[in-house]
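>>> coordinates for the following, if possible.
(one chain, ligands or ions: 1)
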Amino acid sequence: MDFFKLLGTGAKFDKARFKEDISVFKPSRRVKHETVEVVDTVPKELDFFGDHGRQKQRKDNTTAVPATQLSGSASRYVEEEEDHSPFQSAEEVGAYLKRHRIKVTGSDIPHPVKSFEMLCKEHNFQPFVLRNLQKLGFKQPTPVQMQAIPIAVHRRDLIANAPTGSGKTLAFLLSILHQVHTEERVGYRAVVVSPTRELATQIHDHLRNLTAGRKLKTCLMTKPNAAMQAQDPSMRQKFDILVTTPLRLVHAIQNSEVDLSHVRTLILDEADTLMEKGFLEQVDEILAACSSSNLQISLFSATMPSSIEQMANTIMKDPIRIIVGTQNAATETIDQKLVFVGQETGKLIELRNMITKGFKPPCLIFVQSIERAKELFHELIFEGINVEVIHSERTQTQRNRIIQKFRSGDLWVLICTELMARGIDFKGVNLVINYDFPQSTQSYIHRIGRTGRAGRLGKAITYFTKEDAPYLKTIVNVMRESGCEVPEWMLQLKNPKKNDKKKLKKAPVERDSISTTPKYDLKRQKHRQQIIEQSKAKKHKEQPAIGNGTAQT
Ligand SMILES: Nc1ncnc2c1ncn2[C@@H]1O[C@H](COP(=O)(O)OP(=O)(O)OP(=O)(O)O)[C@@H](O)[C@H]1O
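Predicted coordinates for the structure are as follows:
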């Protein structure tokens, strides 16, 4: 215990430096080659792989990611003089797509746009869209925006696979704005479905910024909003665009609180997760309620396994498919690192070691369960770090408050579960720690994708124990695909069997609890707790029945 306290005592934060760090929360077009501090801290006795297992130390402040690697998906953030004149030939289109690492397949593919101005000139976008984009600091479309928007304007079904933080949200929101603006106002005409309430709220906020100064009405489907529309059906006619989670929308459909018969655009954000068991039935119900024969469906995600694409094809008409960069890879601006920690206890040692040496907040720490999130929070709260924990057992108000605090820089470390792995856009996150090894490649890509967004540099560290070692190759593959340096011997590791991967996805690896309390004490605590609970239950049984014969607790 004292040993851990000792490790934690050095945790100090330089407020001035932190203020400087959070300035990157502001939108920026330029890749900032900030100093990326790599703290290579595996205690020697725990360094299973010795020096081989470490990435090359990087303490430079200029070429953390070589400029050449920033071509393609990240090139939009590097100021470059582009020719914005219309395309003259198919060859020119091909060369442009290649330069921005956009692969597009399908029939009759519309040309990409080179600039937001081209949306007005060639696709009749309203000038207010351009004005609002300028106000928000968006000057050049990102590769996914260049190609996805014209496809949507041509009302084609779309499957878009682009890296985390590459601007997929703006891609689908701009398409929606163009569509709804030109139509008669008869209620909801566009619906965006996203897997979590946090993400839906973020998308809705983004939408409100884009529609500022216009009469377009957007609705974030919440319980009170649904109840209001149930009480007063005339309200439904007033809204144009709906942003929602699947479950909330299905409730509203079942209670006849919404009318989706005029919906012409349906966006499934984080589509691969929405098309998985658990959400799929809800998505089916939503599709059935969007009864217009003219329905256009778009799927967006940073990960799109082929099985999901096949399933998606069954609900789409002649879709066009976009892949930006390498399919199902992590963003290239993230420096990824794997750290062997021996056993569970090694993780806390490693984390405290890093805190002691100093790191660059804001930092997100992912664990595999709510219980573990609570445990880790209890360990870190006494470290003098500004830390919070977020998971689905916290109330919505608490969750909103925590997210707000993390965005504003009041929180330095946020411990979270898978709830925060997808879509959430914290621009300035410097570091993601996978305290618990992710349960799938997709989870890894999305988790680490909370850093290195919009062309910024980021760092991701994944701890692993002996129990995780059989799955290591899945992460090694992602690292290699996204241009990270991986030692040859790691590449020689065996891929886990399909069945094992499935098993891991269903249930995480069993782990000892996160605690610095010796196991013996923990057992005693548990035993004491059991005795208390048994005596409570006994008392409860012995209580006389009251009133109608029901015992009150
Ligand atoms: N054209 C642009 N120029 C500059 N910044 C942009 C542009 N488009 C989007 N961004 C910014 O990039 C960041 C990431 O965008 P967004 O959240 O849409 O990423 P995403 O591709 O949906 O990521 P994820 O897969 O993690 O959900 C946001 O902060 C957004 O404001």
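>>> check contacts around H251.
H251 is in contact with 226, 257, counting by Cβ atoms under 8 Å, 6 or more residues apart in numbering. No exception for glycine: its C-beta is placed from N, CA and C like everyone else's.
>>> show the pLDDT at it.
With respect to pLDDT, H251 has a value of 94.
>>> find the helix or strand that it is a member of.
Under the criterion of DSSP states H and E, H251 resides in helix 246-254.
>>> for the helix or strand just after that helix, which positions count as buried?
Note on helix 246-254: by DSSP H and E, the next helix or strand toward the C-terminus is strand 265-269. Buried residues in strand 265-269, counted by 16 or more other Cβ atoms under 10 Å: 265-269.
>>> among those residues, which one lies nearest to the ligand?
Checking the buried residues of strand 265-269 against the ligand by Cβ to the nearest ligand atom gives D269 as the nearest, at 7.2 Å.
>>> that closest one contacts T196, correct?
No - applying Cβ atoms under 8 Å, one finds D269 not in contact with T196, separated by 10.2 Å.
>>> which pLDDT value belongs to the residue nearest the centre of the chain?
For the chain, the residue nearest the mean C-alpha position is R422 (2.4 Å; Cα atoms, centre = their mean). For R422, the model assigns a pLDDT of 94.
>>> can you pull the contacts of it?
Each residue near R422 by Cβ under 8 Å, 6+ apart is listed here: 195-196, 199, 270, 273, 446.
>>> surely E481 touches G325?
No - using Cβ under 8 Å, E481 makes no contact with G325, being 9.3 Å away.
>>> neighbour-wise, which of the two wins?
In this view E481 and G325 are compared by other Cβ atoms under 10 Å, and G325 has more residues nearby, 27 against 17.
>>> S194 is in contact with T273, correct?
No - with contacts counted by Cβ under 8 Å, T273 stays clear of S194, the gap being 9.5 Å.
>>> neighbour count for these two, which is higher?
S194 (27 against 23).
>>> and this protein, which residues reach the ligand?
Residues of the chain that fall close to the ligand, judged by Cβ under 6 Å from any ligand atom: 27, 29, 138, 140-142, 145, 162, 164-170, 302, 423, 425, 427, 449, 453-454.
>>> drop anything exposed from those residues.
Neighbour counting with 16+ other Cβ under 10 Å marks 138, 140-142, 145, 162, 164-170, 302, 423, 425, 427, 449, 453-454 as buried within the residues of the chain next to the ligand.
>>> the strands in the stretch 301-450 of the chain, which residues?
320-324, 334-342, 363-366, 387-390, 413-416, 431-434 (DSSP state E, counting those that start in this stretch).
>>> given the second one, what are its sheet partners and their directions?
Strand 334-342 pairs in its sheet with strand 458-465 (parallel), by DSSP bridges.
>>> what's the local residue count around the closest residue to F377 other than its chain neighbours?
Nearest residue to F377 in three dimensions, chain neighbours excluded: V389, at 3.9 Å (Cβ to Cβ, 6 or more residues apart in numbering). Look at V389: counted by other Cβ under 10 Å, it has 24 neighbours.
>>> circling back to that earlier point, okay, the angle between the helix holding H251 and strand 265-269?
Orientation check (axes from the mean of the first three to the mean of the last three Cα atoms, to 10 degrees): helix 246-254 against strand 265-269 gives 150 degrees.
>>> show me which residues of helix 246-254 are buried.
246, 248-253.
>>> next, give phi and psi for F437.
Backbone geometry at F437, expressed as degrees, to the nearest 10, gives phi -60, psi 130.
>>> where's the closest residue to it other than its chain neighbours relative to L158, distance?
The shortest distance from F437 to any non-neighbouring residue, by Cβ to Cβ, 6+ apart, is to D468 (4.0 Å). In this view, D468 and L158 are 36 Å apart by Cβ to Cβ, to the nearest Å.
>>> more crowded one of these two?
Set side by side, D468 and L158 give different neighbour counts by other Cβ under 10 Å, the larger being at L158 (26 against 21).
>>> the closest residue to that one other than its chain neighbours in helix, strand or coil?
Nearest residue to L158 in three dimensions, chain neighbours excluded: S298, at 4.3 Å (Cβ to Cβ, 6+ apart). Taken by DSSP: H, G, I helix; E, B strand; the rest coil, the conformation at S298 corresponds to strand.
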